[in-house]
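Trainee: okay, predicted coordinates and the sequence, questions at the end:
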Amino acid sequence: MQRTTKTIVPTWLPPQDRIDFYREARYWRNASVTEELRRCVDRFPERTALRDSTSSLTFGELWERAATVASWLRARGLRPGEAVAFQLPNWTESDVIFHGVMMAGGVVVPMTSILRRREVGFILGQTGARFAFVAERFRNFNFVGMYNELLESDSHLESIVYVRAEREGSAIRLEDVESAAPLPREQVALSAGRGDDVAVVIYTSGTTADPKGAIHTHDGIMSSTRMCESFFSLNENDVLFNPSPVTHITGISLSFLFPATFGCTTTILEAWDPENAFDIVARERSTFLMFSTPFLAALTEIAEARDVRLADHIRTIVCGGADVPESLAERANDRLGEVVRMYGATEAPNTSCGSAWDPAAKKRRTEGRWLFPVEARVVDPHSGREVDPGEVGEAWWRAPQMCLGYVDESLNDTSYTLDGYFRTGDLVRVDDGGYVTVSGRIKEIINRGGEKFSAREIEEMIAGLPMVAEVAVTPMSDPVLGERVCAWVVLREGRGLTLSELSEHLLGYGLAKQKLPERLETIEELPRTPSGKVRKQVLRDRVDEALAFT
């Protein structure tokens, strides 16, 4: 059967004056990720770039192995701008594939290992990927069967390469791919593309029916990387630790882009194990951590249980992706190191962040200030009118690190304004000092009989209770008021909490009576995406289903 090919290109562009500014100010340098990696290889060929629990890669090894992947792809007719997917856990091979695809001029499409046939088929079909690099088996799931089905049903998919595979016979293994002669440097320079070419398509970790593929160019993702390099004073001497999936924007940055840009070393964790993670951070004397709240909470609890402090070597902990309770930030700051909060998204990473020089209260309670050159507006989501300082509104951004549209370009019309701002769907308030506080998502606003309020406000109060380890607040359907409040809590071991006790605590904190939870669910763990965000729609569906049978 004749296979068709698809080229991934930006589906949206900023206004021309913004493009000119980003280029003139050198936020966009018309350079590929591969060019950045080559410079680090020349400077630090023997230095470790990435390691996991069983293997490691020096910069020299990374280049040579990635060049064999590029050679193999080119020999099989990969065209510039074609998508190549990978679905792997946090293994060093993911770095080889990431850079190998880019060396060949392809577009990387990472997929988290928890995705199954429907989601994987959707992403492969939408991007037109002909090649996929996948684990043979991970966490007792056999990917071979799933991908064999996809080979038969997907009109684009041609070749599957299995990583850490034991299978013999006709299956292609990464070892087979790496037996190819490395693509020579002069050919890499010709094939790797330019800054305005698409580098990666990252699918959102939301809970809607179909994920959205955000298109990032080399210029865009390198702009984001350099912003972090400058803001956090990162350099080749830093030791990073990344427990986040290497298929998520945070994991991609810490595991692939940061080492390739300034020569640091990153350790990745295949599966989240708090005790193991803590031991790695302590043993390797990690200097910089970036992850979401659940990771911070777990490491803090271990440090307290062991009565250990790691602040002598951890310079900065950046926490984002979910609310960071003030009490947790204070405890982590005491035991682990300086904690700052960051705000961003798959579509535009690191748009605001706290600083070590901010007042303590601002560091603990806000996501810092907008990072230059991010331009932001806070607007009434219905009228588009900018709100006054201190008022809650929807955040709109425009910045050089923004994605240039979605693979499904029909989503662009409702996502971007005519003057180039991205409509985030996030509710924020910015005070007179320019400090940003995220209040939640527009779709997470609870509408109780016409009275609208943020779930996050209630969550922050509940999170401060000593018996609560984790919390999420969602609406639940009500035939009279439309919606009421449901609180979901994970209790600390040996502790209890009733709805009446919760109400008493919240009223004591000054919460308005109409915002009180009217249902309390205690659960063992909150459902989360791989990046740590609570899957609130799952919780809402669960409570609505329960109410339907009462």
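Mentor: Everything's here; your move.

Trainee: next, count neighbours for residue 390.
Mentor: Counted with other Cβ atoms under 10 Å, the neighbours of residue 390 add up to 11. C-beta here means a position set from N, CA and C on the backbone, and glycine is covered the same way.

Trainee: hey, which helix or strand in this protein has the poorest pLDDT?
Mentor: In the chain, no helix or strand scores lower on mean pLDDT, DSSP states H and E than strand 451-454, which sits at a mean of 80.

Trainee: okay, that one in CSV with CA atoms only?
Mentor: C-alpha atoms of strand 451-454 as CSV (Å, rounded to 0.1, in the frame of the first residue of the first chain):
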residue,chain,number,x,y,z
GLU,A,451,-22.8,32.8,42.8
LYS,A,452,-19.4,32.1,41.0
PHE,A,453,-16.2,31.4,42.9
SER,A,454,-12.9,29.6,42.4
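
Trainee: pLDDT value on the nearest residue to residue 422 once chain neighbours are set aside, please?
Mentor: Of all residues not flanking residue 422 in the chain, residue 397 sits nearest, at 5.2 Å (Cβ to Cβ, 6 or more residues apart in numbering). We have a pLDDT of 97 for residue 397.

Trainee: near residue 397, how many other residues are there?
Mentor: Using other Cβ under 10 Å, residue 397 is surrounded by 24 other residues.

Trainee: do you know how far it is from residue 62?
Mentor: Between residue 397 and residue 62 the computed distance is 33 Å (Cβ to Cβ, to the nearest Å).

Trainee: ok, what's across the strand from the residue lying closest to residue 434 once chain neighbours are set aside?
Mentor: Take residue 434 and drop its neighbours on the chain: the residue closest to it by Cβ to Cβ, 6+ apart is residue 369, 4.6 Å away. Taking DSSP bridges as the rule, residue 369 bridges to residue 353, residue 435.

Trainee: identify the residues contacting residue 369.
Mentor: 352-353, 355, 433-436 (Cβ atoms under 8 Å, 6 or more residues apart in numbering).

Trainee: next, give me the two most distant ones among these.
Mentor: 353 and 433 (14.7 Å; Cβ to Cβ).

Trainee: roughly how far does the closest residue to residue 375 other than its chain neighbours sit from residue 418?
Mentor: Among residues not flanking residue 375 along the chain, residue 398 sits closest, at 5.0 Å (Cβ to Cβ, 6+ apart). Going from residue 398 to residue 418 by Cβ to Cβ gives 11 Å.

Trainee: before we move on, what about residue 74?
Mentor: Residue 74 is 40 Å from residue 418, by Cβ to Cβ.

Trainee: looking at those two, which is more packed in?
Mentor: Shown here are residue 74 and residue 418; by other Cβ under 10 Å, residue 74 has more neighbours (19 against 6).

Trainee: list the buried residues of the helix or strand hosting the more buried one.
Mentor: Applying DSSP states H and E as the criterion places residue 74 in helix 59-75. Neighbour-count burial for helix 59-75 flags 59-74 (criterion: 16 or more other Cβ atoms under 10 Å).

Trainee: now flag whichever of the contacts of residue 369 is closest to residue 327.
Mentor: In terms of Cβ to Cβ, no member of these lies closer to residue 327 than residue 435, at 19.1 Å.

Trainee: test my guess that that closest one contacts residue 368.
Mentor: Yes. The pair residue 435 / residue 368 is scored as a contact, 6.6 Å apart, by Cβ atoms under 8 Å.

Trainee: touching both of the two, which residues are there?
Mentor: The contact lists of residue 435 and residue 368 share 358, 362, where a contact means Cβ under 8 Å, 6+ apart.

Trainee: more neighbours, residue 353 and residue 433?
Mentor: residue 353 (25 against 11).

Trainee: pretty sure the more buried one is touching residue 231, no?
Mentor: Yes. Under the criterion of Cβ under 8 Å, residue 353 makes contact with residue 231 at 6.6 Å.

Trainee: okay, and the common contacts of those two?
Mentor: Joint contacts of residue 353 and residue 231 (Cβ under 8 Å, 6+ apart) are residue 371.

Trainee: and the following helix or strand past the least confident helix or strand of the chain, what's its mean pLDDT?
Mentor: The helix or strand immediately downstream of strand 451-454 is helix 455-463, counting by DSSP H and E. Average pLDDT, helix 455-463: 88.

Trainee: just the strands from the stretch 101-250 of the chain, written as ranges.
Mentor: 107-110, 131-135, 137-138, 141-142, 159-163, 172-173, 198-203, 213-217, 239-242 (DSSP state E, counting those that start in this stretch).

Trainee: can you list the ones you listed in JSON lines and add mean pLDDT?
Mentor: As requested, those are exported to JSON lines (pLDDT from 0 to 100):
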{"stretch": "strand 107-110", "mean pLDDT": "99"}
{"stretch": "strand 131-135", "mean pLDDT": "97"}
{"stretch": "strand 137-138", "mean pLDDT": "92"}
{"stretch": "strand 141-142", "mean pLDDT": "90"}
{"stretch": "strand 159-163", "mean pLDDT": "96"}
{"stretch": "strand 172-173", "mean pLDDT": "92"}
{"stretch": "strand 198-203", "mean pLDDT": "98"}
{"stretch": "strand 213-217", "mean pLDDT": "99"}
{"stretch": "strand 239-242", "mean pLDDT": "98"}
